[in-house]
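*Asks:* make a model of this:
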Amino acid sequence: MITPATRLHTLLVAVMAAVLALGGAPVRADKIDKLFLPGMVIHGHAKYEGDCETCHKSFDKEAQSALCKDCHKEVAQDIAAKRRYHGLMKEQKDCNICHTDHKGRDARIVVLNTVGFDHRETGYALKGGHLDSKVLCKDCHSPLKKYRHVFTTCDGCHTKDDTHKGSLGKECANCHVEKDWKTTHFDHSKTKFKLTGKHMKVKCKDCHPHEKFKNTPRLCNDCHRKDDKHKGLFGPKCADCHNDVSWKEIVFDHGKQTEYPLRGKHMKVKCVDCHKGDLYKDKLKMDCLSCHRKDDDKSHKGKFGGKCEDCHNESDWKRSTFNHDKQTKYRLLGKHMKVKCEDCHKGDLYKDKLKKDCYACHKKDDKHAGQEGQKCETCHREESWKKTDFDHLMSRYPLTGRHLLVECKKCHLTFRYKDAKSECIACHEKQDVHKRAFEAKCERCHNTRDWKGWDFDHSKTDFDLKGKHQDIRCAECHRPNGRTRMDTGCVECHGKDDRHDGSYGPRCEHCHAGEDWKTIKVGSERWIRK
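*Replies:* Predicted structure coming up:
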């Protein structure tokens, strides 16, 4: 602060300088300064006590602060950089407002209230344990040094507390907080090894024994060699299959990371069941037979070749996926769909080509002894041998009427169907009431609908039936002597009815009509009732 004494001193110095300039006796400037000195300066400024111009500039009060900064360069740098206490002041003031001098060698020109001082004004806010009332200013600020000459790093004050003995460097704040040394907050993600999964719960010393943090191995196998159940066969890249949550959880995607996607039961197979050697050296073959030869020996014994996938899938060996309809030229129908492959394919599946005709497989089932040929499909279907599709209309003996309802075996007594006779009498001799009188040609009068109904057209013979002849049974005229062709004269049948005793000859029809004997003809078209 500029006191009246200071102003007076400055004035006297100016007067004396003017006198000397006018030719007065020479006088030393330092003696004059001491003569008008308002008071002794502090020990730090004592060497400048005889040279007022070092700290003061005549007739320029505002220049004093600049002169202070010329000597106190560290403070000047703080103000310029706006750091620490002087640089962070809300309002910049002249130096002499806070720091006065000329009050004696031991005067305190720095007045600081340490009790209520807000340390945030220095740019170094006190936190955690630093705010503890037990921590005093002198614990950090030595009385023999300036306040600015204090350590701002943990290591500066806490070297003796460093249990790591410098092995982790001096950046204690990377792991510890101001609360206490035991509380840590080290961000491992900023290192080359981010902690995830169960690694987050592992104690530091489990990975960093003896607090050696540098050159710590980062490969799984370096720490978990004893946990490797594969005994090194799968190599050291554990992360390819496992994650840091659990060893039992497998993250390896066989479909994306290999050329062999796992499906069906392959998804439940353990890795070691297929990969029994070195994972990286012993490359597995991808064909089914390489792993399942034993399964093939139990069933096909190599006859069906090595393309198991043509018939089977990964779900089940017993279930075949082979589509016989689409993958071959022989469609399976009926009971063929239930037949086992080996029942037909008894040889090498790819070398021994099977014939597609029924007779090739079913020759032993042919009860016709080859008589009906080898085209079994003409009569039979795949559902059953007993069911037939034979169209009798295509044979020499078309079935009609009741014949359509008769079982084959009723006419074909043996499977030699061609031996069956086509004559009616061969099957219906018992029904022949004529006792073969009509030469066994039943079809002349009878049809297949019914024996009692017959449809013989007598008009197509030499004797058209009219009148009462229409109601007479065949046997009345055709005597049991077996004659089918008879004389058409009336007297042949009606000789006993001839009252004329043959005097009018055998041609009764000249006078009599066919309705009855009592009606006679007069002329060619007139009939007169007698």
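*Asks:* and the residue nearest to G305 when sequence neighbours are not counted, which of the three is it?
*Replies:* Leaving out its chain neighbours, the residue that sits closest to G305 by C-beta to C-beta, 6 or more residues apart in numbering is Y350, at 5.0 Å. Bear in mind the C-beta positions are built from the backbone N, C-alpha and C, glycine included. Under the three-state scheme (DSSP: H, G, I helix; E, B strand; the rest coil), Y350 adopts coil.
*Asks:* for the stretch 301-450 of the chain, give me the ranges with low pLDDT.
*Replies:* Residue ranges of the stretch 301-450 of the chain with pLDDT under 70: none are present.
*Asks:* now the chain
*Replies:* 1-36, 479-484, 514, 523-530.
*Asks:* which residues in it form strands?
*Replies:* Assigned by DSSP state E, the strands in the chain fall at 519-522, 526-529.
*Asks:* how many neighbours does W451 have?
*Replies:* By the measure other C-beta atoms under 10 Å, the count of residues near W451 is 16.
*Asks:* correction: the previous question concerned H185.
*Replies:* For H185, using other C-beta under 10 Å, the count is 10.
*Asks:* which parts of the stretch 401-530 of the chain are helices?
*Replies:* 408-411, 424-428, 474-477, 491-494 (DSSP state H, counting those that start in this stretch).
*Asks:* picking up where we left off before, for the residue nearest to G305, give its distance to C137.
*Replies:* 97 Å (C-beta to C-beta, to the nearest Å).
*Asks:* and V269, by the same measure?
*Replies:* For V269, the distance to C137 - C-beta to C-beta - is 72 Å.
*Asks:* same check on K351?
*Replies:* 102 Å.
*Asks:* these two: which is more packed in?
*Replies:* More neighbours surround C137 than the other of K351 and C137, with 14 against 8 (other C-beta under 10 Å).
*Asks:* pretty sure the more buried one is touching H119, no?
*Replies:* No. Contact criterion C-beta atoms under 8 Å: C137 and H119 do not qualify, at 9.3 Å.
*Asks:* and the nearest residue in space to H188 that is not next to it in sequence, how far from C223?
*Replies:* Excluding the flanking residues, the one nearest H188 by C-beta to C-beta, 6+ apart is L195, at 4.4 Å. According to C-beta to C-beta, L195 and C223 sit 13 Å apart.
*Asks:* from H403, how far off is the nearest residue to D455 once chain neighbours are set aside?
*Replies:* Nearest in space to D455, with sequence neighbours left out and distances taken as C-beta to C-beta, 6+ apart, is N447 at 5.7 Å. Distance of N447 to H403, given as C-beta to C-beta: 10 Å.
*Asks:* what of H208?
*Replies:* 104 Å.
*Asks:* F304 too?
*Replies:* For F304, the distance to H403 - C-beta to C-beta - is 49 Å.
*Asks:* compare the two and say which is more crowded by neighbours.
*Replies:* The neighbour count for F304 versus H403, taken as other C-beta under 10 Å, is higher for F304 (20 against 15).
*Asks:* quick check: the more buried one touching C311?
*Replies:* Yes. Here F304 reaches C311: they are 7.4 Å apart, a contact under C-beta under 8 Å.
*Asks:* now T448: closest residue in space, sequence neighbours ignored.
*Replies:* G401 (2.9 Å).
*Asks:* you'd agree the one you found is up against N447?
*Replies:* Yes. The pair G401 and N447 passes the contact test of C-beta under 8 Å, sitting 6.3 Å apart.
*Asks:* quick check: K205 touching E211?
*Replies:* Yes. Taking contacts as C-beta under 8 Å, K205 lies within contact range of E211: 7.3 Å.
*Asks:* which other residues reach stretch 394-403?
*Replies:* 392-393, 406, 422, 447-450 (C-beta atoms under 8 Å, 6 or more residues apart in numbering).
*Asks:* taking those together, which two end up most distant?
*Replies:* Farthest pair in the contacts of stretch 394-403 (C-beta to C-beta) is L393 and D450. Separation: 20.9 Å.
*Asks:* coming back round to it: the more surrounded of G401 and N447?
*Replies:* Each of G401 and N447 has its neighbours counted (other C-beta under 10 Å); N447 has more, 15 against 11.
*Asks:* pipe the helices of the stretch 401-530 of the chain into TSV and attach distance to D228 and mean neighbour count per row.
*Replies:* Shown next, in TSV, are these (distance: least, C-beta to C-beta, whole Å; neighbours: other C-beta atoms under 10 Å):
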stretch	distance to D228	mean neighbour count
helix 408-411	77	12
helix 424-428	89	15
helix 474-477	109	12
helix 491-494	121	14
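*Asks:* these into TSV, with extra columns for distance to R331?
*Replies:* Shown next, in TSV, are those (distance: least, C-beta to C-beta, whole Å):
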stretch	distance to R331
helix 408-411	27
helix 424-428	39
helix 474-477	57
helix 491-494	69
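*Asks:* quick one, which of the ones you listed is nearest to G277?
*Replies:* If we rank the helices of the stretch 401-530 of the chain by C-beta to C-beta, the stretch that ends up nearest is helix 408-411, at 67.2 Å.
*Asks:* returning to what we had before: more crowded one of K205 and E211?
*Replies:* E211 (12 against 9).
*Asks:* and the nearest residue to the more buried one once chain neighbours are set aside, how close does it get to K170?
*Replies:* Once flanking residues are discounted, E211 sits nearest to H164: 5.2 Å by C-beta to C-beta, 6+ apart. H164 is 10 Å from K170, where distance means C-beta to C-beta.
*Asks:* joint contacts of the two?
*Replies:* What both H164 and K170 touch, as defined by C-beta under 8 Å, 6+ apart, is an empty set.
*Asks:* A420 reaches H412, doesn't it?
*Replies:* Yes. Shown here, A420 and H412 form a contact pair, counting by C-beta under 8 Å, at 4.9 Å.
*Asks:* so what sits against both of these two?
*Replies:* Common neighbours of A420 and H412 (C-beta under 8 Å, 6+ apart) do not exist.
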